[in-house]
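Engineer: Build me a structure from this.
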Amino acid sequence: MHDPTPLAHLWAWIAVHLSQETGTSNEASRAYAFWSGFGSDLGEVTLIAGLIAVYHHHRCASCPRIALHHKVPDTGQRMCNKHATHENQDRLRARHRAKYPDHIAHTEEPT
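Structural biologist: Below is the predicted model of the structure:
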């Protein structure tokens, strides 16, 4: 049977050296050390992820520009001022219909 001792020793060595490098061995408790150290960065990561989500939601369907005003009917997507032409919107609608053929907004009457 496999002896877990070498792996346990390696994990203990990593934990001791990681706590010395991050300063958690010098604090009053591990929770305080986490929230005053690495844990405080979680809020910044959340803000960055939120900004990425807002950008992705308001991005033009054809390019990386922000598109706030031109919604393409029946698709739920947006287009910037440069790409908000009837030809581009018709092409995007056709691509959306091909990708989602059972979508209720494509039919004249709901079934």
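Engineer: what about the strands in the protein?
Structural biologist: 70-71, 78-79 (DSSP state E).
Engineer: which one of the ones you listed lies closest to residue 37?
Structural biologist: Set against residue 37 and scored by CB to CB, the strands of the chain come closest in strand 78-79, at 40.4 Å. Using the backbone N, CA and C atoms, a C-beta is placed for each residue, glycine as well.
Engineer: Tell me which of the strands of the chain sits most buried.
Structural biologist: strand 78-79 (a mean of 22; mean count of other CB atoms under 10 Å).
Engineer: returning to what we had before: could I get the strands of the chain as a markdown table with distance to residue 63 and mean pLDDT?
Structural biologist: Output for those, formatted as a markdown table (distance: least, CB to CB, whole Å; pLDDT from 0 to 100):
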| stretch | distance to residue 63 | mean pLDDT |
| --- | --- | --- |
| strand 70-71 | 13 | 80 |
| strand 78-79 | 9 | 83 |
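Engineer: between those, which one is nearest to residue 34?
Structural biologist: Evaluated over these, closeness to residue 34 peaks at strand 78-79, with 40.4 Å, by CB to CB.
Engineer: can you list contacts of that closest one?
Structural biologist: The contact list for strand 78-79 (CB atoms under 8 Å, 6 or more residues apart in numbering) reads 58-62, 67-68, 70-72, 88-89, 92.
Engineer: Among these, which ones are in helices?
Structural biologist: Residues of these located in helices (DSSP state H): 88-89, 92.
Engineer: Many thanks, have a good one.
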